[in-house]
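Visitor: compute the structure for the input listed below.
(one chain, ligands or ions: 2)
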Amino acid sequence: MPIANVRELFVHELCELYDAERRFLQGQVEMVHRATDNDLQRSIRNHIVQTRQHIGNLEQFFRELGQEPRRETNEVAQGLVSEARGGIQEAQSDALRDCVINAAVIKVEHFEIGSYRGLITGARLMMGQSVVVDDLLETNLQQEEETAQIAEQSAEELFQEAMRAERPEGEGLLDKLNKAKNRLMGQ
Ligand SMILES: [Fe+2]
Ligand SMILES: [Fe+2]
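Guide: Ligands and ions are numbered 1, 2, ... in the order given. Sure, this is the predicted structure:
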């Protein structure tokens, strides 16, 4: 669709973000059943609820602009979801799959953060200090930021869990025996 002015550019960005949110909702609903780590699963469940609110907030924002909500294909979102689906299929263990899912969450949330920041800058210029922007767009942005932070904080632990799962059986026991031997020998 041709973009002839700033308002059309803004609406175009909004339509693409709306499409992205719909795709991410679908992706999370699919992914949550594949996650085995309890915290990861809980955090995705929580963000599914938030994502439904994001969609509702964007629909309300469309109406504030006097437009019907409309999707324009967001190819980045499409790619992120299909990358995540591929990784989930390829991962050969639960722990590796959890790492793939968590990494997908980090990428998706950062993409959303960038998209909302851009949209908010445009909205502030066009609408000034608007309560509508605060309540709808800023709320969404804040929840994306919180979700990104949670996923980033979990990444190390999930990697460690995957590394632990890879250790051959009995290696832990050998470590313990060596430590006990060293203690006996006063080292
Ligand atoms: Fe979102
Ligand atoms: Fe999100």
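Visitor: only C-alpha atoms for contact and neighbour calcs from this point on.
Guide: Noted.
Visitor: count of neighbours near Phe10?
Guide: 17 (other Cα atoms under 10 Å).
Visitor: gap between the helix or strand in which it is found and the chain center?
Guide: Per DSSP states H and E, Phe10 falls inside helix 6-31. Relative to its parent chain, helix 6-31 has a centroid offset of 13 Å by Cα atoms, centre = their mean, to the nearest Å.
Visitor: and the chain, which of its residues are near ligand 2?
Guide: Glu109, Glu144 (Cα under 5 Å from the ion).
Visitor: who touches Gly118 in this structure?
Guide: Neighbour list for Gly118: empty [criterion: Cα atoms under 8 Å, 6 or more residues apart in numbering].
Visitor: the same query, at a cut-off of 10 Å, please.
Guide: Counting by Cα atoms under 10 Å, 6 or more residues apart in numbering, Gly118 touches Phe10, Glu13, Glu112.
Visitor: ok, of these, which one's closest to ligand 2?
Guide: Nearest to ligand 2 among the contacts of Gly118, counting by Cα to the ion, is Glu112 at 6.3 Å.
Visitor: that closest one: neighbour count?
Guide: Neighbours of Glu112 under the rule other Cα under 10 Å: 22.
Visitor: my read: it touches Leu17, true?
Guide: Yes: between Glu112 and Leu17 there is a contact under Cα atoms under 10 Å: 7.8 Å.
Visitor: who touches both of those two?
Guide: Listed contacts common to Glu112 and Leu17 are Ala77; contacts here mean Cα under 10 Å, 6+ apart.
Visitor: and the helices in this protein?
Guide: 6-31, 38-64, 75-90, 94-127, 131-132, 139-166, 171-184 (DSSP state H).
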